[in-house]
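# attaching a predicted model along with its sequence, questions to come.
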Amino acid sequence: APPGGGTDSAGEAEDPDDTVALEGAQRKGDNQGRHTTTNSRLYHLPFGAWIADVPGLRELKIWGDEDDLAQVFPEIAELSEQCRFRDCRHEAEPGCAVREALEGGELDERRYASWQKLQRELDYLERRTDEQAARAERAKWKAINKSMRNFRKPGR
């Protein structure tokens, strides 16, 4: 059985109360809900997914690398091997096989959008964990801010 109850290995409810998440009343002023979770629970959904309800946990962040992303999106990894440039970001580069497949309808737009989102999260993770990448990002934004200060609007 999963930690915290829910369902057994066959997907059957162990206890009817374990399959129902508690819901608190909404505040009248802003219609926001109140936290009702007091212990960790794992819920197994009928289509195979699991949902963890953990008090105090607000979000999960990706922790992985390019190889992990390639395993999740094998069709994009395969297409990217055909790109003109090895460091293709699959955005606007010439000779991008991924963009060509997307425009030709061979690659699902939702899959590509999901890949882009996870790629951005991986890039963010790299900047946060790689000091050299973090310095480069700070330098980039410092240069942008400096150039904006020097920018003069016409007529002033």
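Nice, I can see it. Source: prediction; values computed, not measured.

# and the strands in this protein?
Ranges of strands within the chain are 41-44, 50-53, based on DSSP state E.

# average pLDDT across the last one?
Okay, so that is strand 50-53. Here strand 50-53 scores 82 as its mean pLDDT.

# relative to Asp87, how far out is the closest residue to Leu118 other than its chain neighbours?
In this structure, Leu118 finds its nearest non-sequential neighbour in Leu69, 5.9 Å apart by Cβ to Cβ, 6 or more residues apart in numbering. (Glycine included, C-beta is placed from N, CA and C.) Distance, Leu69 to Asp87, using Cβ to Cβ, to the nearest Å: 15 Å.

# so between the two, which is more surrounded?
Neighbours were counted for Leu69 and for Asp87 using other Cβ atoms under 10 Å; Leu69 has more, 17 against 6.

# isn't that one right up against Gln116?
No: using Cβ atoms under 8 Å, Leu69 makes no contact with Gln116, being 10.7 Å away.

# give me the buried positions along stretch 95-108.
Buried residues in stretch 95-108, counted by 16 or more other Cβ atoms under 10 Å: 96-99, 101-102, 107.

# what is the end-to-end distance of it?
One end of stretch 95-108 to the other measures 19 Å (Cα to Cα, to the nearest Å).

# stretch 88-96 too?
7 Å.

# by mean pLDDT, flag the weakest helix or strand of the protein.
One helix or strand of the chain scores below all others by mean pLDDT, DSSP states H and E: strand 50-53, with a mean of 82.
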